[in-house]
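> Pasting the sequence and the predicted model now:
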Amino acid sequence: MADNMEFESLVTRFYASLYQFAFSLTRTEADACDLTQQTFSIWAAKGHQLRDATKVKTWLFTTLHREFLESRRRLTRFPHCDLETAEAELPVVTPAAVSLLDTTRVLDILAQLEETFRAPVALFYLQDCSYNEIADILQVPLGTVKSRLARGLSQLQHLLARDIAVGGHPPPDL
Amino acid sequence: MNRNEAKQILLLYRPGTADGDDPQVAEALAWAQRDAELARWLEQVCAQQIALRAKFRQLEPPAGLMEQIISEQAASRRRPLGRPKVLLGLAAMLVAVLVAVLAAGGFWLHPQPQRANDNTLVIFQNRMASAALRGYAMDLTTGDASGIRDYLGHHAAPADYVLPPALQKAGLAGCAIQGWQGTKVAMICFRTGQPLATGAQSDLWLFVVDRASVAGAPAGSRPQFARVNRLNTAIWTQGDKLYLLGATGDEALLRSFL
């Protein structure tokens, strides 16, 4: 695969979205650059092992996520949580209120999510990955992805509502 | 399914994607068509999804990252092969030449995209910023300015550099030598006097390299400022040298050393 696919065109196509995902996980530019670069370095070394060309995107995101987890030396397994356990009542956050937040603030709020939920929520917003692709990338069952998304998006709503309520974002230009 | 359950499922729904093909989501969407209150709620959630997605996507990778990735890969391809791989490498080369000859006609009829130059100023800035920010080992730890010049000169790195007057007064920490396009870069490490991060030995770095090795190096001695990664940098040329001064502090701090 790696021999058949131009490395440069692969980088051109995916580096920005990989960087965005990396940044949403690490919250630092340097670490996000490192993770992105490391991912392509691994592709250069091992990408030939991938037989299905349609899985390149998933492979890259999976690799980046795995590198992130390894870099954090995480040993704990994420617990599965059922969809039913997600909170029923969601605060109302208007699109207009969201528009007043800048990207940095939104990513700060994302960083406040429990780590279990951060990666699926980031993939949900950043890449338009399907639920199945997110499950492949995170290497968890589809049901787990849905439950994590439900809980993560619910947490995000609460955090957004709280942030907007306390004016945690800068006001629009005066 | 009741309304609350439908809401939980529809929270995962992104308009304009294939999410609606998911059986659970499809069922919840059908419910929303029959429930006006749920439909209003869904409309608002979808608008919010679009607004949030736009925010996430506004995050831009730093300038030069793509070129750096490509150049790093190209550089790793150029690294010399180990002895056991030499014969295999030669055989591969012969095959490659043969394939290239056969494919030549097709190549000229269908030109490939030009390979990104990997000796540009942007890549130099990124690579030196990486060296400063992501850990380095000082080859020489000393506050002795002449000792640093002697060390750099002895190792064929630029040693006849000219320091701006303010930088001459900064505390020296030591030096290291970095590689760039087959040449050596002098990395002189200073301390700004601000509290250092845990484990850090310096927070102000001057990189000096032959000007000719960096494509697009600025022509004048007037510093040009740019944010590279988490580093504020100033770059200028003097004589046959290109200088890059970087600091983790703000630009005002950096300017105070120029």
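Great, that's in hand.
> Residue B:33: how many residues sit nearby?
10 (other CB atoms under 10 Å in any protein chain shown). For every residue, glycine as well, the C-beta is placed using N, CA and C.
> Excluding its own residues, what touches the helix or strand containing it? List them.
Using DSSP states H and E, residue B:33 sits within helix B:23-34. Residues outside helix B:23-34 that contact it (CB atoms under 8 Å, 6 or more residues apart in numbering or on different chains) are A:146, B:1, B:3, B:5-6, B:9-10, B:12-13, B:19-20, B:38-39, B:42.
> gap between residue A:18 and residue B:204?
Residue A:18 is 31 Å from residue B:204, where distance means CB to CB, to the nearest Å.
> Now do the helix ranked longest in chain A: which elements does it pack against?
In chain A, ranked by residue count with DSSP state H as the criterion, the top helix is helix A:142-165. The helices and strands touching helix A:142-165, judged by 3 or more CB pairs under 8 Å, 6 or more residues apart in numbering or on different chains; DSSP states H and E, are helix A:95-100, helix A:103-111, helix A:115-126, helix A:131-138, helix B:3-10.
> at 10 Å instead, please
Taking 3 or more CB pairs under 10 Å, 6 or more residues apart in numbering or on different chains; DSSP states H and E as contact, the helices and strands that helix A:142-165 lies on are helix A:95-100, helix A:103-111, helix A:115-126, helix A:131-138, helix B:3-10, helix B:23-34, helix B:36-57.
> okay if I get these as CSV plus mean pLDDT?
As requested, the helices and strands packed on helix A:142-165 are arranged in CSV below (pLDDT from 0 to 100):
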stretch, mean pLDDT
helix A:95-100, 78
helix A:103-111, 85
helix A:115-126, 89
helix A:131-138, 90
helix B:3-10, 86
helix B:23-34, 91
helix B:36-57, 87
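> Using TSV, lay out those together with distance to residue B:239.
Converted to TSV, these look like this (distance: least, CB to CB, whole Å):
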stretch	distance to residue B:239
helix A:95-100	51
helix A:103-111	41
helix A:115-126	46
helix A:131-138	51
helix B:3-10	66
helix B:23-34	66
helix B:36-57	45
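> Show me the beta-bridge partners of the residue lying closest to residue B:147 once chain neighbours are set aside.
The shortest distance from residue B:147 to any non-neighbouring residue, by CB to CB, 6 or more residues apart in numbering or on different chains, is to residue B:140 (7.0 Å). For residue B:140, the beta-bridge partners are residue B:175 (DSSP bridges).
> Chain A contacts on the stretch 151-258 of chain B?
Contacts of the stretch 151-258 of chain B with chain A, taken as CB under 10 Å from any CB of the partner chain, map to B:227-231.
> Low-confidence stretches in chain A?
Within chain A, the ranges that satisfy pLDDT under 70 run A:1-5, A:73-90, A:92, A:127, A:167-174.
> For residue B:45, give me its contacts.
A:90, A:92-93, A:95, A:153, A:157, B:7, B:10-15 (CB atoms under 10 Å, 6 or more residues apart in numbering or on different chains).
> how about 7 Å then?
Neighbour list for residue B:45: B:10-11 [criterion: CB atoms under 7 Å, 6 or more residues apart in numbering or on different chains].
> For residue A:93, see how far away it is.
9 Å.
> now swap in residue B:185 and tell me
49 Å.
> picking that back up, for residue A:35, find the nearest of the helices and strands packed on helix A:142-165.
helix A:115-126 (12.2 Å; CB to CB).
> hmm, who's touching the closest one?
A:17, A:20-21, A:24-25, A:65, A:78, A:110, A:113, A:129, A:134, A:137-138, A:145, A:148-149, A:151-153, A:155-156, B:52-53, B:56-57.
> Please spell out the ChimeraX selection for the buried subset of these.
Command for ChimeraX, covering only those of the contacts of helix A:115-126 found buried under the criterion 16 or more other CB atoms under 10 Å in any protein chain shown:
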select /A:17,20,21,24,25,65,110,113,129,134,137,138,145,148,149,151,152,153,155,156 /B:52,53,56,57
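> Give me the contact list for stretch B:246-258.
Counting by CB under 7 Å, 6+ apart, residues outside stretch B:246-258 touching it are B:128-129, B:132, B:164, B:166-167, B:170, B:192, B:194, B:203-205, B:223, B:225, B:230-234, B:245.
> buried residues in stretch B:153-167?
For stretch B:153-167, by 16+ other CB under 10 Å, it's B:157-159, B:161, B:163-164, B:167.
> could you check the distance from the residue nearest to residue A:136 when sequence neighbours are not counted over to chain B?
Nearest residue to residue A:136, sequence neighbours excluded (CB to CB, 6+ apart): residue A:58, at 4.7 Å. Per CB to the nearest CB, to the nearest Å, residue A:58 is found 15 Å from chain B.
> what about residue B:190, which SS state?
strand (DSSP: H, G, I helix; E, B strand; the rest coil).
> That one reaches residue B:174, doesn't it?
No - using CB atoms under 7 Å, residue B:190 is not in contact with residue B:174, being 9.4 Å away.
> for chain B, what are the nearby residues on chain A?
A:7-8, A:11-12, A:15-16, A:19-20, A:23, A:29-30, A:33-34, A:36-37, A:40, A:44, A:83, A:86, A:88, A:90, A:93, A:95, A:98-99, A:101, A:103, A:106-107, A:125-126, A:128, A:130-131, A:146, A:149-150, A:153-154 (CB under 7 Å from any CB of the partner chain).
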